[in-house]
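Undergrad: okay, here's the prediction I keep looking at, along with the sequence it came from:
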2 protein chains.
Amino acid sequence: MTTSASREKTRQVEPFGDDVSTPARVAEPGEAISYEELQLAARNHGMPLEALAYDLTPTGLHYLLTHYDMPVLDPDTWRLQVDGLVQTPYAVGLDELRSMEAVTVTVTFECAGNGRARHEPRAQSQPWLVEAVGTAAWTGVPLARLLERAGVRDGAVDVVFTGADHGVERGVEQDYQRALALADARSDGVVVAYAMNGAPLPPQHGFPVRLVVPGWYGMAQVKWLTGVEVVVEPFDGFQHHAYRLRQGADDPGEPVTRIEPRALLVPPGFPDFYSRVRVVRPGEVEVVGRAWSGWAPVTRVELSTDGGATWADADLDEAPAGSLYAWRRWRARWDAQPGEHVLTARAHDADGRSQPREAGWNRGGFANNSGQRERVVCLPR
Amino acid sequence: MTTSASREKTRQVEPFGDDVSTPARVAEPGEAISYEELQLAARNHGMPLEALAYDLTPTGLHYLLTHYDMPVLDPDTWRLQVDGLVQTPYAVGLDELRSMEAVTVTVTFECAGNGRARHEPRAQSQPWLVEAVGTAAWTGVPLARLLERAGVRDGAVDVVFTGADHGVERGVEQDYQRALALADARSDGVVVAYAMNGAPLPPQHGFPVRLVVPGWYGMAQVKWLTGVEVVVEPFDGFQHHAYRLRQGADDPGEPVTRIEPRALLVPPGFPDFYSRVRVVRPGEVEVVGRAWSGWAPVTRVELSTDGGATWADADLDEAPAGSLYAWRRWRARWDAQPGEHVLTARAHDADGRSQPREAGWNRGGFANNSGQRERVVCLPR
């Protein structure tokens, strides 16, 4: 029995000074996007909002955030190690995983940092606006079944997931690792997935195998999964320190967990290339969007065409069957009149959570579900 | 016979003022990335350089630049109209196109604006660094065959390609349009493609059908293709004005056409999340990359591990059979010593073109094939 994987794989033995690994920093008020943020924006990408038209986000349009590099793994030699505080540690290969009874869960993922660049001041990191989202059907084996096979022993607290993606972050060399409390790890819908939208995972989404935790922000969805370890103490790895809602550097903060409610709309009409301002012609416009929450099903969506001064209920499509944490489609009619308009939407969920017009600030730039502000110019008649 | 499609679809009848459509502008020296550039960077995306490991770029990792919105087209009703100065104008549907004799061409695409954000000062547009590239196998029908079926008449000069993507750019409302001279349009390898890497085109790469022009920068690769029109005069559309190498606003400049030679390398070791600086341990490191040119086959690649002070020849893999304009793999050994290093590579082609350390400036930020500068820290022993 070993419970030391996390400590072995997160180490600060090397001298990663500021020449390699810059400390986390909040930009000065009004400070420009840094070269480092631009580098991140050029390699990671959001979902262009016109792709809200698809129930399942086509591969390549789903948002993508990679902490380090995407590893190139050999599916023939890849093994998932299941160990720690269990009766029978074991390793499982891809063929065996594929031969087990499979489930498919349709889940909306969102980056915890979505909206970060709309905070003022802004945490320096991947500078998302509102587009770090996507929905896919993930097929794999329930994690509960893999844990059951190992036989979790009494006293287990957390389950630690290790990815093959390796890098440095704020001076700490690490394989990417996140944990879930045992009860969360065993819950329905948590899947060790080898297929996305019916095809093998693409490299960027964790090939050959990733974790899927419905309802949680992206940091929980460990890609390139290599290890599942049951541990006796609450896991205290780097990423659990990183993903917290803090007001200041010394604030311990609360952990980032589930996705706050959000509604987004397909930008109507057509865009200007550079400004992305939308153009419509006068008359009735169908406004279509999606809404989701990681806490509970979305029960209501409202649309405002005057920047949030007045609101009207949108029509909600039926929730997709058996998909508690997939986005729900909504639509509304708008009688566009010449002039400039700001469209925004807000979502409400069955737990009583409502999307705010302006979400609160935090130092990491997390969970910013402030409303989209879509500038639309309606041409003269 | 009609030769007016281009004029019908590019019109400046609506009042798109500065509130919608900002004039093209070069940033002030040192001026920060604008909100508009950030919006573009969040929706478009480069190929993370570790994906240079793949002969064919996996879907979703290939670079992507969309001028307007990605249209959602119905493959059952989509038609390609072939007309203009031809004997027999016709329209062809997707099933018929798929039933014709097909060819597959493996082609490296690069955005004409790749490297734009490394110009000083920088044109305000999609702020690429070096990553706007990708290679795919495109399957479809040779354009020459489609033109032959229509019967091109004497006096034909250009062939105009129209996409379904619609927007405003610098005040001009338009469907995206580009043209080729008739001889270029008829040349080997120019394909009307319906498949990418053996699968139907994904929406973002032009579903159901796009144009593929091997060797040319991305602006020639018209996506969501709806029209092929043979015309009697040189085509003078918006995008032909936009994609020119200008020194000033009044400089007519030369058109952007074929891809300048470039070599890129897979960043060695592992990265810091934020700075993207690379970390390696002392000893031998295999440096791997790809090189391409749209003018002629790549014949030589050199690697420098001291920022361009000294160079050594890399080993070039065989060129892929029958793929004149696909990238070529190269490798070199590097004996990494503790300290900081800057890795860069340069490509040479059979036409005598060589990649410069610093490419010349132009107002649009085009064809900047300045060498990659990959900062690598080698740890102490």
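TA: Looks like it came in fine.
Undergrad: next, the residue in the stretch 51-200 of chain A that chain B sits nearest to: phi, psi?
TA: Nearest residue of the stretch 51-200 of chain A to chain B, counting by Cβ to the nearest Cβ: residue A:60, 3.3 Å away. C-betas here are computed from N, CA, C, even on glycine. With angles defined as degrees, to the nearest 10, residue A:60 sits at phi 100, psi -20.
Undergrad: residues contacting the nearest residue in space to it that is not next to it in sequence?
TA: Leaving aside its sequence neighbours, residue A:60 sits nearest to residue B:60 (Cβ to Cβ, 6 or more residues apart in numbering or on different chains; 3.3 Å). Counting by Cβ atoms under 8 Å, 6 or more residues apart in numbering or on different chains, residue B:60 makes contact with A:59, A:60, A:61, A:62, A:64, A:202, A:204, A:205, B:202.
Undergrad: the closest residue to residue A:220 other than its chain neighbours - how many residues pack around it?
TA: Nearest non-adjacent residue to residue A:220, counting by Cβ to Cβ, 6+ apart: residue A:213, 4.4 Å away. Around residue A:213 there are 28 other residues, counting by other Cβ atoms under 10 Å in any protein chain shown.
Undergrad: so where is chain A shaky, pLDDT-wise?
TA: Along chain A, the parts satisfying pLDDT under 70 run over A:1-15.
Undergrad: list the contacts of the closest residue to chain B within it.
TA: Here the residue of chain A nearest chain B is residue A:32; by Cβ to the nearest Cβ that distance is 2.8 Å. Going by Cβ under 8 Å, 6+ apart, residue A:32 touches B:32, B:33.
Undergrad: can you rerun that using 10 Å?
TA: A:38, B:30, B:31, B:32, B:33, B:34, B:38 (Cβ atoms under 10 Å, 6 or more residues apart in numbering or on different chains).
Undergrad: what subset of those is buried?
TA: Those of the contacts of residue A:32 that meet the buried threshold are A:38, B:33, B:34, B:38, by 16 or more other Cβ atoms under 10 Å in any protein chain shown.
Undergrad: so which strand or helix has residue A:80?
TA: Here residue A:80 sits within strand A:79-84, counting by DSSP states H and E.
Undergrad: turn the contacts of residue B:60 into TSV, including secondary structure.
TA: Formatted as TSV, the contacts of residue B:60 follow (DSSP: H, G, I helix; E, B strand; the rest coil):
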residue	secondary structure
A:59	coil
A:60	coil
A:61	coil
A:62	coil
A:64	strand
A:202	coil
A:204	helix
A:205	helix
B:202	coil
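Undergrad: which one of those is nearest residue A:21?
TA: For the contacts of residue B:60, the residue nearest residue A:21 by Cβ to Cβ is residue A:64; the value is 22.5 Å.
Undergrad: the closest one contacts residue A:221, doesn't it?
TA: No: applying Cβ atoms under 10 Å as the test, residue A:64 and residue A:221 come out as separate, 11.4 Å apart.
Undergrad: so what sits against both of these two?
TA: In contact with both residue A:64 and residue A:221: A:109, A:111, A:205, using Cβ under 10 Å, 6+ apart.
Undergrad: so which of those residues reach chain B?
TA: Under the cut-off given by Cβ under 10 Å from any Cβ of the partner chain, chain B has residue A:205 from those close to it.
Undergrad: most neighbours among the shared contacts of residue A:64 and residue A:221, which one?
TA: Of the shared contacts of residue A:64 and residue A:221, with other Cβ under 10 Å as the count, residue A:109 tops at 29 neighbours.
Undergrad: gap between that residue and residue B:118?
TA: 32 Å (Cβ to Cβ, to the nearest Å).
Undergrad: again, but for residue A:58
TA: 31 Å.
Undergrad: please apply the same query to residue A:219.
TA: Residue A:219 sits 31 Å away from residue B:118, going by Cβ to Cβ.
Undergrad: for residue A:376, name its beta-bridge partners.
TA: residue A:278, residue A:341 (DSSP bridges).
Undergrad: ok, it touching residue A:304?
TA: No: using Cβ under 10 Å, residue A:376 is not in contact with residue A:304; the gap is 12.0 Å.
Undergrad: tell me who's in contact with residue A:295.
TA: By Cβ under 10 Å, 6+ apart, the neighbours of residue A:295 are A:215, A:257, A:258, A:259, A:260, A:261, A:325, A:349, A:350, A:351, A:352, A:353.
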